[in-house]
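Novice: Need a 3D model of the sequence below.
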Amino acid sequence: MKNNGNDRQLAGPVPAPAYSFAVLTLSDKGSRGEREDTSGPYLVERLTREGYVLQSYAIIPDQLPVIVDALIALVDRQAVDLIVTTGGTGVAPTDVTPEAMLQIIDKEVPGMAEAMRAESLRKTPHAMLSRGKVGIRGQTLIVNLPGSLKAARENIEVVLPVLPHALEKIGGGTADCAS
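Specialist: Numbers count the residues shown, from 1 in each chain. Predicted coordinates for the structure are as follows:
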């Protein structure tokens, strides 16, 4: 068939949809203004640089019902695609992020959490104390990161390469998972 010039070809790949995201810093001192949050703003900047669209950033207390309510609001009312939390993943009595996750997620994604711990373990034996989880509620992926800037930076870099595919699949995409 002859091309009469009316047929157009795409000038490259179709861009991926811009996924929305939220960052929640979980810190009693941070929520009272007694400690500067460095990991939350870093995560906002890093994810924005990757093309994600910020929908919410907040610092909330490390309290189970507050965390549960905040996560539910971001998923069920604001329909955020990706939530990244920072803080509350250790073994201190106030570290309750994993317990909040267990109350609200539909599915765990243990491979992502295991990958973050494995990479962190290459840098410090303290990584064995991290209890962060990754899970899905509805069509939202929730990733728990440690609270320190250094650990949050190292951990987000581990999962960044798989986030677009994970979000596509969670949203009902049918693309194969082959590499």
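Novice: Skip ahead from the helix or strand that contains residue 156 and say which helix or strand is next.
Specialist: Secondary structure assigned from DSSP states H and E places residue 156 in helix 149-159. With elements assigned by DSSP H and E, the helix or strand that comes after helix 149-159 is helix 163-170.
Novice: Mind giving me the packing neighbours of that next one?
Specialist: Judged by 3 or more C-beta pairs under 8 Å, 6 or more residues apart in numbering; DSSP states H and E, the packing partners of helix 163-170 are strand 140-145. The C-beta positions use only the backbone N, C-alpha and C, and glycine is treated the same way.
Novice: Parallel or antiparallel, list what pairs with the strand it packs on.
Specialist: Applying DSSP bridges, strand 140-145 is found paired with strand 82-86 (parallel), strand 134-137 (antiparallel).
Novice: a markdown table please, covering those strands and showing mean pLDDT and distance to residue 69.
Specialist: Shown next, in a markdown table, are these (pLDDT from 0 to 100; distance: least, C-beta to C-beta, whole Å):
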| stretch | mean pLDDT | distance to residue 69 |
| --- | --- | --- |
| strand 82-86 | 98 | 13 |
| strand 134-137 | 98 | 13 |
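Novice: OK, contacts around the most centrally placed residue in the chain?
Specialist: With distances taken as C-alpha atoms, centre = their mean, residue 84 lies nearest the centre of the chain, 3.1 Å away. Counting by C-beta atoms under 8 Å, 6 or more residues apart in numbering, residue 84 makes contact with 21-24, 43, 47, 142-143, 145, 156.
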